[in-house]
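Build me a model from this:
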Amino acid sequence: MTANRRFRNVVRIGPVQVATYYDSRGHEKHTAACTAPRCGFSTDYDSRAAAELAARTHRCPAR
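I've put the predicted structure just below:
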C-alpha cells in the first residue's frame with residue numbers, strides 16, 4: 001500500500017511525475033509536477049495525454 005493513496009497510475013518522465021486522481025467533484029484529473037528543487041512546475045489537465053506532453057516538453061529553469 002502506498003503512503004499517498006490519492007494519486008494512482010504515477011509515471012516519471014525525466015524530473016516530472018505524471019499522476020491521475022479524482023478531484024473534489026469526482027472528475028478524473030491528471031497532473032504533471034516537477035520534482036526538481038526550486039522549480040515549482042505543477043499543473044492539472046483533463047486528459048492524460050496533455051499531462052504527459054507537458055512532462056515531455058517541460059524545460060526546468062532550476063537546472
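
List the contacts of A55.
Contact partners of A55, counting by C-beta atoms under 8 Å, 6 or more residues apart in numbering, are 13-14, 16-18, 32. In short, each C-beta sits where N, CA and C put it, glycine included.

Pick out the residue closest to the middle of this protein.
Central residue of the chain (C-alpha atoms, centre = their mean): A32, 2.1 Å from the mean position.

Assumed that residue was part of a strand.
Yes: if the criterion is DSSP: H, G, I helix; E, B strand; the rest coil, then A32 is within a strand.

Give the buried subset of the contacts of A55 as a ChimeraX selection command.
ChimeraX command restricting those to the buried ones, with burial defined by 16 or more other C-beta atoms under 10 Å:
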select :13,16,17,18,32
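
any chance of the contacts of A55 in CSV, with pLDDT and secondary structure too?
Written out in CSV, the entries for the contacts of A55 read as follows (pLDDT from 0 to 100; DSSP: H, G, I helix; E, B strand; the rest coil):
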residue, pLDDT, secondary structure
I13, 94, strand
G14, 91, coil
V16, 94, strand
Q17, 95, strand
V18, 96, strand
A32, 95, strand
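
For the chain, which segments count as helices?
Taking DSSP state H, the helices of the chain run over residues 48-57.

Sketch out the low-pLDDT regions of it for me.
Where the chain drops to pLDDT under 70, the residues are 1-5, 62-63.

picking that back up, so the residue nearest to the centre of the chain bridges to which residues?
Partner residues in beta bridges with A32: V18, T43, with DSSP bridges as the criterion.

got a list of what it touches?
16-18, 41-43, 45, 51-52, 54-55, 58.

give the contact list for C34.
With contacts defined as C-beta under 8 Å, 6+ apart, the neighbours of C34 are 15-16, 40-42, 58, 60.

Kindly report the same for V18.
Listed by C-beta under 8 Å, 6+ apart, the contact set of V18 reads 10-12, 30-32, 48, 51-52, 55.

Buried only: go through those for me.
A residue is treated as buried here by neighbour count (16+ other C-beta under 10 Å); on that basis the buried members of the contacts of V18 are 30-32, 48, 51-52, 55.

Going by distance to R6, which of those wins?
Compare each of these with R6 using C-beta to C-beta and the shortest gap goes to T31, at 10.5 Å.
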